[in-house]
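1. Provide a 3D model corresponding to the input given below.
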Amino acid sequence: MNKQLILKKRPIGIPDTTTWQLESNPIPEPKEGEVLIQQHYISLDPAMRGWINEGKSYIEPVQINDVMRAGSVGKVIKANNHPKLKEGDFVTGWGGVQQYSVTNGDNWYPVDPKLAPLPMYIGTLGMPGMTAYFGILQVGEIKEGDVVLVSGAAGAVGSIVGQIAKIKGCRVIGVAGGANKCKYIIDELGFDGAIDYKSEDINAALKRECPKGIDVYFDNVGGEILDAALARLRMHARIVICGAISQYNNKTAIKGPSNYLSLLVNRATMKGMVVLDYTKDFGKAAMEMGAWMAQGKLKSKEDVYDGIENFHETFLRLFSGDKMGKLVLKVIED
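-> Here you go, the predicted model:
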């Protein structure tokens, strides 16, 4: 049987246990030109919270009674005359929160478990890593000597953003929640400074860590931290809007920045980025990031939890902050 997580209602605020329902259905058979994939790992990302809202966004919402959308990585276990994929191939794509998926292969890409562990292909070498790479290099347009501020700095995207900025010769300050995360981004990832938003006044801490202001702010959280960063911008600063996790579970309207006139005063820019716009260049980015990893310049951390039955409590770790690096759910049964 195929265990699948089905969306049952659109939540208001933090999703509860009735938002999804775990079902067991027959394993599908691939039709002509299709393959059956046994999924090993599912990617858990903050964007998933937005995908279950109704309304216009950069991607269609998950429909009620559909399998929950998610990135995944797994193994082809049956191929029905597929032109490119064969049994035994490992692939990554949009398999959803389920143990088996059938696909014609569109938007699925081969991966090699001998070169990197499978969870890394939905982390540093997958969508989060690509988001960090294109977000900081192409949208943030960093240059050597820039002061770069990253929120969600111990997370899947933020941790990679900060390391890439260091590789490119920037001074990097990370905003994270808790002493352990702040210690991690400095001691293990090489950030130049850290701000613990849970125990520090964010404005005072920014003044301490960025006394001359900020050239690039990579925003994963929105809200109060975005507002504080706006007040510290340098001339021609760039803000990359990647996410706003502090606002995703609001029961009221999203709280926007009150310091936005700083963009005018400093001739600064604030631009949104969606990683799907850069898919044609993923291969090139993965090769460069892989080289950095081989050289010891880029570190990857996956926080793996076991069991599709534990999706809900694992998913909530995204919003409680009770995780480090990329959050992954193992769905294959040993």
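2. In terms of pLDDT, where does Ala194 sit?
-> Ala194 is assigned a predicted lDDT (pLDDT) of 98.
3. Confirm it sits in a strand?
-> Yes - membership of Ala194 in a strand is supported by DSSP: H, G, I helix; E, B strand; the rest coil.
4. what about the residue lying closest to Thr19 once chain neighbours are set aside, how many neighbours?
-> Leaving aside its sequence neighbours, Thr19 sits nearest to Pro11 (C-beta to C-beta, 6 or more residues apart in numbering; 4.8 Å). From N, CA and C alone the C-beta is placed, and that goes for glycine too. Neighbour count for Pro11, taken as other C-beta atoms under 10 Å: 16.
5. you'd agree Pro11 is up against Trp51?
-> No - assessed by C-beta atoms under 8 Å, Pro11 is found out of contact with Trp51, at 11.7 Å.
6. Flag the shaky bits of the stretch 151-300 of the chain, pLDDT-wise.
-> The stretch 151-300 of the chain contains residues with pLDDT under 70 at 250-251.
7. which SS state does the residue nearest to Thr19 fall under?
-> For Pro11, the assignment made with three-state DSSP gives coil.
8. pLDDT value on it, please?
-> Looking at Pro11, its pLDDT reads 94.
9. Over to Leu149?
-> If you check Leu149, the pLDDT there is 98.
10. That one pairs with what?
-> Note on Leu149: beta-bridge partners Ile173, Tyr217, judged by DSSP bridges.
11. This protein - how does it break down into domains?
-> Annotated domains of the chain cover 2-123+301-330, 127-276 [automatic domain parsing].
12. So what would you say the end-to-end distance of the first one is?
-> It stands for domain 2-123+301-330. Domain 2-123+301-330 has an end-to-end distance of 14 Å (C-alpha to C-alpha, to the nearest Å).
13. In the protein, which residue is most central in space?
-> Nearest to the geometric centre of the chain sits Pro128, at 3.9 Å (C-alpha atoms, centre = their mean).
14. so what secondary structure elements neighbour the helix or strand hosting it?
-> Per DSSP states H and E: Pro128 is located in helix 127-134. If contacts are counted by 3 or more C-beta pairs under 8 Å, 6 or more residues apart in numbering; DSSP states H and E, helix 127-134 sits against helix 158-167, helix 282-294.
15. Averaged pLDDT, it. What do you get?
-> 96.
16. and stretch 185-195, how far out from the chain's middle?
-> Computed by C-alpha atoms, centre = their mean, to the nearest Å, the separation of stretch 185-195 from the middle of its chain amounts to 19 Å.
17. got the end-to-end distance for it?
-> One end of stretch 185-195 to the other measures 10 Å (C-alpha to C-alpha).
18. which parts of it are buried?
-> For stretch 185-195, a neighbour-count test (16 or more other C-beta atoms under 10 Å) marks 185-186, 189, 191-195 as buried.
19. TSV for those residues, including distance to Ala116?
-> Below are the buried residues of stretch 185-195 laid out as TSV (distance: C-beta to C-beta, whole Å):
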residue	distance to Ala116
Ile185	22
Ile186	25
Leu189	18
Phe191	23
Asp192	28
Gly193	30
Ala194	28
Ile195	31
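20. Now the two most distant members of these.
-> Taking C-beta to C-beta as the measure, the buried residues of stretch 185-195 reach their widest spread between Leu189 and Ile195, a distance of 14.5 Å.
21. distance of Ile64 from Trp51?
-> 13 Å (C-beta to C-beta, to the nearest Å).
22. the more surrounded of those two?
-> A direct count of neighbours by other C-beta under 10 Å for Ile64 and Trp51 places Trp51 higher, at 17 against 12.
23. Fine by me, thanks again.
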